[in-house]
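S.K.: Fold the stuff below for me.
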Amino acid sequence: MNIKVKTVGKKLLALLLIPFILSGCAKSNKKDCDIPTDHVHKYTLNTDKGSLTTYINSDELKYGIDNWTINDDYITITSEDKEFYDAKDALFNGKDNWEYLYNFMASKHDYLEYYYEYETSEMYYDLIQEIYRSKKVTKKGWSVSPHCVGATGYVRLCHYRFYGYKIVYQDGEYKEVISPMVDDIREIIDEYPYFRVYPATIRHSHREYDKEDLDNVKISDFDGIFIGPDLENHELYSKEIGDYYGKH
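M.R.: Model prediction:
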């Protein structure tokens, strides 16, 4: 970032307009920063799964939608570093925030959904005739209830898988590269060290049952299709985890 030196006149004007001056730019929303070198600020995010920290190339709270908070801590960077942090943006380092990632995995549980499809009537206004008319429409989708109207007997298991990112220099610029989807973040954290606040997606496995049997369908009926994370071991690395996934 290019920091412009303010003239004396501008400083006097600022004193007249602002009742107080903060040193640096921590905990402020202003776009200008008094730190004279290129730098990145430390940001924190408090969640129900633990706090997160990362360094972001920003001197203003543009991440307010996610409640990231700027801190006094910062590190100086080179122009090449700046390009890297611009590409990384609000991704955080997984190893520095392992407690959050572990708690995130532990909070995600497999669940069942039931497919429904039925025909119904909806009213609409006929602009030409200027009257209300009825038309038939088909409603379809997935519900977490086996008693949903129009249940068809199709059931799917919803299973969470996790992903991260690495930043690579390619074709003259830094770029994000997403990882394969995995069952345990520890499978990828070495090669893909960066993560988003919500680093998960859902995969499905489908089966068909008689509609009368939907109350008896259990998650255990899908055993062996997906493997969950090793939550019995809280450590970031271990021999058991390495043997389990064949990575270390």
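S.K.: only C-alpha atoms for contact and neighbour calcs from this point on.
M.R.: Noted.
S.K.: and this protein, what are its domains?
M.R.: 8-107+163-195, 111-159+198-245 (automatic domain parsing).
S.K.: Can you tell me the SS state at the residue most central in space within the chain?
M.R.: Nearest residue to the geometric centre of the chain (CA atoms, centre = their mean): Y198, 2.3 Å. Per DSSP: H, G, I helix; E, B strand; the rest coil, the secondary structure class of Y198 is coil.
S.K.: how about it, what does it touch?
M.R.: Y198 makes no contacts at all, as judged by CA atoms under 8 Å, 6 or more residues apart in numbering.
S.K.: quick one on the thing from earlier: just name the most buried of the domains of the chain.
M.R.: Mean neighbour count (mean count of other CA atoms under 10 Å) peaks for domain 8-107+163-195 among the domains of the chain, with a mean of 16.
S.K.: So what's the gap between that one and the chain middle?
M.R.: 14 Å (CA atoms, centre = their mean, to the nearest Å).
S.K.: try stretch 100-108
M.R.: Distance, centroid of stretch 100-108 to centroid of chain: 12 Å (CA atoms, centre = their mean).
S.K.: contacting residues for N103?
M.R.: K49, G50.
S.K.: Now it: phi and psi?
M.R.: phi -60, psi -30 (degrees, to the nearest 10).
S.K.: in the sheet, who's paired with the closest residue to A90 other than its chain neighbours?
M.R.: Using CA to CA, 6 or more residues apart in numbering and skipping residues adjacent in sequence, the residue nearest A90 is I56, 6.0 Å away. Taking DSSP bridges, one obtains H41 as the residues bridged to I56.
S.K.: Can you list the residue ranges for helices in this structure?
M.R.: 8-17, 79-88, 98-106, 239-245 (DSSP state H).
S.K.: Output the third one as PDB, restricted to C-alpha atoms.
M.R.: Pointing back at helix 98-106 there. What follows is helix 98-106, C-alpha atoms only, in PDB (Å, rounded to 0.1, in the frame of the first residue of the first chain):
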ATOM      1  CA  TRP A  98      -6.400 -26.000  15.200                       C
ATOM      2  CA  GLU A  99      -8.700 -25.800  18.200                       C
ATOM      3  CA  TYR A 100     -11.300 -24.100  16.000                       C
ATOM      4  CA  LEU A 101     -11.000 -26.600  13.200                       C
ATOM      5  CA  TYR A 102     -11.200 -29.600  15.500                       C
ATOM      6  CA  ASN A 103     -14.400 -28.100  17.100                       C
ATOM      7  CA  PHE A 104     -15.800 -27.400  13.700                       C
ATOM      8  CA  MET A 105     -15.400 -31.000  12.600                       C
ATOM      9  CA  ALA A 106     -16.800 -32.200  15.900                       C
END
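S.K.: What mean pLDDT does it get?
M.R.: What helix 98-106 shows for mean pLDDT is 97.
S.K.: ditto for stretch 172-190
M.R.: In the prediction, stretch 172-190 has an average pLDDT of 94.
S.K.: Grab the CA positions of it and hand them over as CSV.
M.R.: The C-alpha trace of stretch 172-190 is given here as CSV (Å, rounded to 0.1, in the frame of the first residue of the first chain):
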residue,chain,number,x,y,z
GLY,A,172,2.7,-14.0,-12.7
GLU,A,173,0.3,-13.9,-9.8
TYR,A,174,-0.7,-15.6,-6.6
LYS,A,175,-3.8,-17.7,-6.7
GLU,A,176,-6.0,-19.8,-4.4
VAL,A,177,-6.0,-23.6,-5.1
ILE,A,178,-8.7,-25.6,-3.3
SER,A,179,-7.9,-29.0,-1.9
PRO,A,180,-9.7,-32.3,-2.5
MET,A,181,-12.6,-33.0,-0.2
VAL,A,182,-11.5,-35.1,2.8
ASP,A,183,-13.1,-36.7,5.9
ASP,A,184,-10.5,-35.3,8.3
ILE,A,185,-8.8,-31.9,7.9
ARG,A,186,-5.5,-33.5,9.1
GLU,A,187,-5.3,-35.3,5.8
ILE,A,188,-4.6,-32.0,3.9
ILE,A,189,-3.4,-29.5,6.4
ASP,A,190,0.3,-29.9,5.4
